[in-house]
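following is a predicted model, sequence given first.
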Amino acid sequence: MRLTIRLAALFCLASALGFAENWSGVLVDSKCYAAEERNVNPSDTEIWVDRDRGFELRYCHPKAHTKSFAIVQENGISLKLDSAGDAKAAEIVRTSHQKQDLFVAVTGEEDRNTVLVRSISKIR
C-alpha cells in the first residue's frame, strides 16, 4: 500500500515538472509595450501593416527602474512575467547594461498570458 502511494506521489510530481514550457524573445517594459500596442488609430483596418515593432521594442527597452516586464516573441506575441520573473528580469537588466534589444530565454508555465517563471537567462 505504501509503495502504491509513493508511486502515485512520484507520478504527480513528475507530471507537474512536465508542464514547463520555454519561450524566447526580447525583454521589454510591459506597461510601455502594452501602451504602444493600444496606441492605434481606431479607423485603421490593417493594424499590423502600419506597426513598427522594431521601434516599439527599442522604445520600451527596460531600464534600471522598470518594475514589470514582458517578453515579445518573434511572432509579435507578448507574455507578461509574474512577480518572481519580474525580480529575476530586473537583475538581468541591472547587470547587463545593454542598450540594444535584450534577448532572453524563459522557462515556466503560462497562465492567462502571464508566465509563472522558473528561470530566465540572457541569450545574447
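Arrived safely, thanks for sending. None of these values were measured; they are calculated from a predicted model. Residues are numbered from 1 along each chain as shown.

pLDDT at Val115, what is it?
pLDDT recorded at Val115 is 94.

repeat that for Tyr33.
So, for Tyr33, pLDDT stands at 93.

against Val26, how distant is the closest residue to it other than its chain neighbours?
Closest residue in space to Tyr33, ignoring its immediate chain neighbours: Cys60 at 4.4 Å, by CB to CB, 6 or more residues apart in numbering. To be clear about C-beta, it is placed using only N, CA and C from the backbone, and glycine gets the same treatment. Cys60 sits 9 Å away from Val26, going by CB to CB, to the nearest Å.

swap in Ala34?
From Ala34 to Val26 the distance is 15 Å (CB to CB).

between these two, who's got more neighbours?
Using other CB atoms under 10 Å as the criterion, Ala34 and Val26 rank with Val26 on top: 25 against 16.

which stretches of this structure have low pLDDT?
For the chain, applying pLDDT under 70 flags the ranges 1-18, 41-50.

check contacts around the residue most central in space within it.
In the chain, the residue lying closest to the centroid (CA atoms, centre = their mean) is Ile71, at 3.4 Å. Shown in contact with Ile71 (CB atoms under 8 Å, 6 or more residues apart in numbering): 23-28, 78-79, 81, 104, 106, 115.

quickly list what it is bridged to.
Leu27, Leu79 (DSSP bridges).
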